[in-house]
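[1] Build me a structure from this.
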Amino acid sequence: MKKKKTPSAPLLGLQSPCSLAQRKPELLIPEQHVIQLCRGLRSSSFESERGRELETSSLYKRRRRARALKLNKRARQRAATPSEELNHSWFDIFRSTMETEKRTQKSAEQTVTRDLSEQIKEVTKESHVRAENTELMLSFQRGQVTLPQYKLLLCSLYEIYRALEEEMDRNSNHPAVAPIYFPAELARIKSIEKDLEYFYGPDWREKIVVPVATQRYSHRLRQIGKENPEFLVAHAYTRYLGDLSGGQVLGRIAQKSMGLKSGEGLSFFAFPGVSSPNLFKQLYRSRMNSVELTAEERNGVLEEAVRAFEFNIQVFDGLQKMLSVAGNQQRQSSTDSKAVHGKTLQILGTFSPMLRMVLGLFVALAAVVGLYAL
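    As a prediction, this is how the structure comes out:
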C-alpha cells in the first residue's frame, strides 16, 4: 500500500533552507533574494525611497535568475513567483529583528553613562529658557538695558562670584574641583570690583544693595563648599560658561544701551586670559567630563545644576522688583512734590488780599508817624 503524499506546507518561508535544498532547490532562488532584500533594507527604512526601489525591482530580479537555470516551465514559474506568504514571513522576521535591535540599542544608550556636560545641558534645558525670558534678560536681548539695571546686577554678581570663587579657592585640591579650576582664565571678582568702582566711586562697598535671593544664592554656595564640594562643579559650569558664551554679545549691547565709551564699566564681560572662547569651552567640558563621580554624586550634581538656574532666575526677578519699587517711590516723590508746590501757590493766592490790606495799613501808619514827627 502506497503512502499518501503529504502536501507541502503553505508557508515556504518558514521551512529551513536545508529542507528546501533537498526537496525543491529552485525555491531557494526567491528565498535567498528575500534575505538579500532584507539585508539591503537594514540601511534604509521600508518607508524610504530606497526601500520602495528594492521592493519594486524584486520581481524582475527573481525572474532573471530563474531564466538562468535549466528548469522546466512550472519550476521556473514557481522560482520566479514565490508565494506571498514567503515574502511576508521573511519581512516580518526582518521587522521583528530590527525592532529588537532598536530596543537593545536604546537600552544600551540609557545604561551607558553619558558625558556630565551633556547631562547638565539636558536637565537644565527648561530652566535655561525660563532664565532667558526673565524681564532683566529680555532687556539685554532687546538692547534696552538701563544703567540702574546694570548697576544692581553688578552688585549681585559681586556677592555671587565672591562666594563661588572663595569656595573654589578653598577646595582647589578637591578631586571634583581641581580639573575645572581655572582662576587665571575665569576669575571674575577683580573685574566686577573694577566696574563697581567706576559706577559707585571709591566707597562702592558701602553702597552695594542686593535682593534677598542673592543672599540665599551666596549662602548656598558657601554651604556646599563646606559640605559637598563636588556640587561646585554645577555652579561653576553654569556661571562661567554662561558668561563666557554670551559675554561679548551682552557687553556690546550694554555699551550701546548705556552709552558707555571705550569699555569703561564693562570689565565683567571681558576674559583677557581666554584667547579662543570656543576652544576653551571644549577644554572645560572635557575636564569636567573627566571628573570621577559615583552615581549618587552625579545625580546630586545634576540636581544642583537645576538649582543653580533657579537661583539665577530668582536673583533676576528680585533685581527687577527692586527697580520697580525704586521707580514707584521716585514717581510718588515727584507727585508729592508737585502737590506740595501747588498747595503752596494756592495758599499764597488765598491770602494775597489780606497781605495787600496789611501792607496798606503799614503804609498808612508810616504816613501818620511821619506827620507826627513833623
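
[2] helices or strands next to the strand or helix carrying G242 in the packing?
    G242 is part of helix 232-258 when elements are defined by DSSP states H and E. Other elements packing on helix 232-258 under the criterion 3 or more C-beta pairs under 8 Å, 6 or more residues apart in numbering; DSSP states H and E are helix 116-123, helix 135-141, helix 147-170, helix 212-227, helix 277-289, helix 295-373. The way it works is simple: take the backbone N, C-alpha and C, and place the C-beta from them, glycine included.

[3] what's the least confident stretch among those helices?
    Lowest mean pLDDT within the helices and strands packed on helix 232-258: helix 295-373, at a mean of 67.

[4] residues in contact with the residue lying closest to F269 once chain neighbours are set aside?
    Leaving aside its sequence neighbours, F269 sits nearest to G251 (C-beta to C-beta, 6 or more residues apart in numbering; 3.2 Å). Going by C-beta atoms under 8 Å, 6 or more residues apart in numbering, G251 touches 263, 266, 268-270.

[5] do G318 as well
    Residues in contact with G318 (C-beta under 8 Å, 6+ apart) are 156, 211-214.

[6] Can you select the buried ones among the residues you listed for me in PyMOL?
    A single PyMOL command selects the buried members of these (16 or more other C-beta atoms under 10 Å):
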select buried, resi 156+211+213+214
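
[7] Identify the farthest-apart pair in the contacts of G318.
    S156 and V212 (10.9 Å; C-beta to C-beta).

[8] Between the two ends of stretch 250-266, how far is it?
    The first and final residues of stretch 250-266 sit 10 Å from each other (C-alpha to C-alpha, to the nearest Å).

[9] in that stretch, what's buried?
    Buried, per 16+ other C-beta under 10 Å, within stretch 250-266: 250-251, 253-255, 257, 260, 265-266.

[10] and if you look at stretch 171-182?
    Buried residues in stretch 171-182, counted by 16+ other C-beta under 10 Å: 171, 174, 176-177, 179-182.

[11] V291 contacts S117, correct?
    No - in this structure, V291 is not within contact of S117 by C-beta atoms under 8 Å, at 10.2 Å.

[12] Pull stretch 305-312 out as PDB, backbone CA atoms only.
    Taking Å, rounded to 0.1, in the frame of the first residue of the first chain, the C-alpha atoms of stretch 305-312 are listed here in PDB:
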ATOM      1  CA  ALA A 305      22.700  72.400  38.200                       C
ATOM      2  CA  VAL A 306      18.900  72.800  38.100                       C
ATOM      3  CA  ARG A 307      19.000  74.600  41.400                       C
ATOM      4  CA  ALA A 308      21.700  76.900  40.100                       C
ATOM      5  CA  PHE A 309      19.400  78.100  37.300                       C
ATOM      6  CA  GLU A 310      16.600  78.500  39.800                       C
ATOM      7  CA  PHE A 311      18.800  80.700  42.000                       C
ATOM      8  CA  ASN A 312      19.700  82.900  39.000                       C
END
